[in-house]
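Q: Give me the fold of what follows.
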Amino acid sequence: MKSKKNKISENYLEKCPVRQAGLNWSADENGMVTLDVENKGAVNRIAQKLLKKPKVSHIHLDEMGSFVWPLIDGEKTIMDIGIPVEEHFGEKAKPLYERLAQFFRILENYHFIEWKE
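A: Numbering: from 1, shown residues only. Coordinates of the predicted model:
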């Protein structure tokens with residue numbers, strides 16, 4: 001059973017993330033990344049009018065996320081991205097691939113990335 005779990009993880013680490021088209025982002029002078037997510041749809045429009053919700057939400061990534069985001073180029077796998085992350089953060093990045101896998105699952109759940117076929 002354990003080998004099956006490891007195999008799934010290895011397959012996941014071989015996936016190649018691609019930033020969602022049309023998702024705007026910027027980095028400040030310290031390299032901290034902010035994703036600008038447009039709140040679309042009927043429910044969001046109602047919330048914007050009635051509850052004064054913003055048309056665009058600003059998602060601020062943490063230090064490691066801000067380092068990883070510019071590395072997502074549609075060519076590198078999660079495994080490839082892990083190499084410069086480990087070089088830059090060292091012990092702070094551990095457990096490296098578990099953290100990266102969780103980060104990419106979150107990005108995928110919020111539709112900030114998709115996977116290259």
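Q: Which residue ranges of the chain form strands?
A: Assigned strands in the chain, in chain order: 17-19, 24-27, 33-38, 56-60, 113-115 (criterion: DSSP state E).
Q: Most tightly packed of those?
A: Highest mean neighbour count of these: strand 17-19, a mean of 18 (counted as mean count of other CB atoms under 10 Å). All C-beta atoms are positioned from the backbone trio N, CA, C, and that covers glycine.
Q: separation between the residue at the greatest distance from the centre of the chain and Asn39?
A: For the chain, the C-alpha farthest from the mean C-alpha position belongs to Leu50; by CA atoms, centre = their mean, that distance is 30.9 Å. As judged by CB to CB, to the nearest Å, Leu50 and Asn39 stand 13 Å apart.
Q: do Phe104 as well
A: Per CB to CB, Phe104 is found 23 Å from Asn39.
Q: Compare these two (neighbour count), which wins?
A: It is Phe104, of Phe104 and Asn39, that has more neighbours when counted by other CB atoms under 10 Å, with 21 against 14.
Q: what's the pLDDT at the more buried one?
A: pLDDT, Phe104: 96.
Q: before we move on, the earlier item: mind putting the strands of the chain into TSV with distance to Glu75 and mean pLDDT?
A: Formatted as TSV, the strands of the chain follow (distance: least, CB to CB, whole Å; pLDDT from 0 to 100):
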stretch	distance to Glu75	mean pLDDT
strand 17-19	9	97
strand 24-27	18	95
strand 33-38	19	91
strand 56-60	24	87
strand 113-115	13	95
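Q: Any idea which of those strands gets closest to Lys92?
A: Closest to Lys92 of those is strand 33-38 (CB to CB; 17.6 Å).
Q: Give the pairing partners of the closest one; include direction for each.
A: Counting by DSSP bridges, the strands paired with strand 33-38 are strand 24-27 (antiparallel), strand 56-60 (antiparallel).
Q: Quick one: list the elements packing against the longest helix along the chain.
A: Longest helix of the chain, by residue count under DSSP state H: helix 96-109. Contacts defined by 3 or more CB pairs under 8 Å, 6 or more residues apart in numbering; DSSP states H and E place helix 96-109 against helix 2-13, strand 17-19, helix 63-68, helix 78-89, strand 113-115.
Q: Done for today, thanks.
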